[in-house]
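Engineer: okay, sequence plus prediction incoming.
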Amino acid sequence: MVDSSHNATTDPTQAEQAAYEPKPTLQYASAVGIQAAGVGALVSAVQNALGTHTSGAAGFFTRTGGTIGFFAAMGTTFALTESVVANQRQVDDPLNGAAGGCAAGFLAGIRARSLPLAVASCAVLGTAVGTFDYNGKTLAPTNVESIEERRKRFFKQPRPTTSPEPIPDAE
């Protein structure tokens, strides 16, 4: 017989699955792709400004404009992969970001037309993004201690001294 007192809220795996909210894949991927294209435009502008050429300002698109599309493709690939993996697994954890980073890194290696570079980039970006997500998706430390606390922790603490007089028995 099925125990009626056991429901979905008491089972931790089912409660975790019920708490997961699916990510809107296309909306998320397009938003990240547009943001990455903006970063690519900035990088393209810097490349154009530092390069020697006769294209003038048009070099932003004609000479280094591929950077904009490449950054947009990497951002979209990352976001799409992260979202699809999260929706399939129905878990929001660092493995999703690692999979997205791996896909974006693989794309970077394919652009260089090198399969070993693609695999290495997959490993490096996947590890970097997975570690970043694992550490709370922030670069700032969460447990900030004061200078005094660090000093006390760093230096040895003096041992309590024993008095030269014997302590009388409590009898």
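Structural biologist: Okay, I see it. Note that the structure is predicted; figures quoted are calculated from it, not measured.

Engineer: what about the helices in the protein?
Structural biologist: If you assign secondary structure with DSSP state H, the helices in the chain sit at 12-19, 25-50, 59-62, 66-89, 94-111, 115-134, 147-154.

Engineer: can I get those in JSON lines with mean pLDDT?
Structural biologist: As requested, the helices of the chain are exported to JSON lines (pLDDT from 0 to 100):
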{"stretch": "helix 12-19", "mean pLDDT": "56"}
{"stretch": "helix 25-50", "mean pLDDT": "93"}
{"stretch": "helix 59-62", "mean pLDDT": "80"}
{"stretch": "helix 66-89", "mean pLDDT": "95"}
{"stretch": "helix 94-111", "mean pLDDT": "96"}
{"stretch": "helix 115-134", "mean pLDDT": "95"}
{"stretch": "helix 147-154", "mean pLDDT": "82"}
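
Engineer: state the distance from T77 to V32.
Structural biologist: Going from T77 to V32 by C-beta to C-beta, to the nearest Å gives 9 Å. Every residue, glycine included, has its C-beta placed from N, CA and C.

Engineer: sorry, that was for F154
Structural biologist: From F154 across to V32, the span is 42 Å (C-beta to C-beta).
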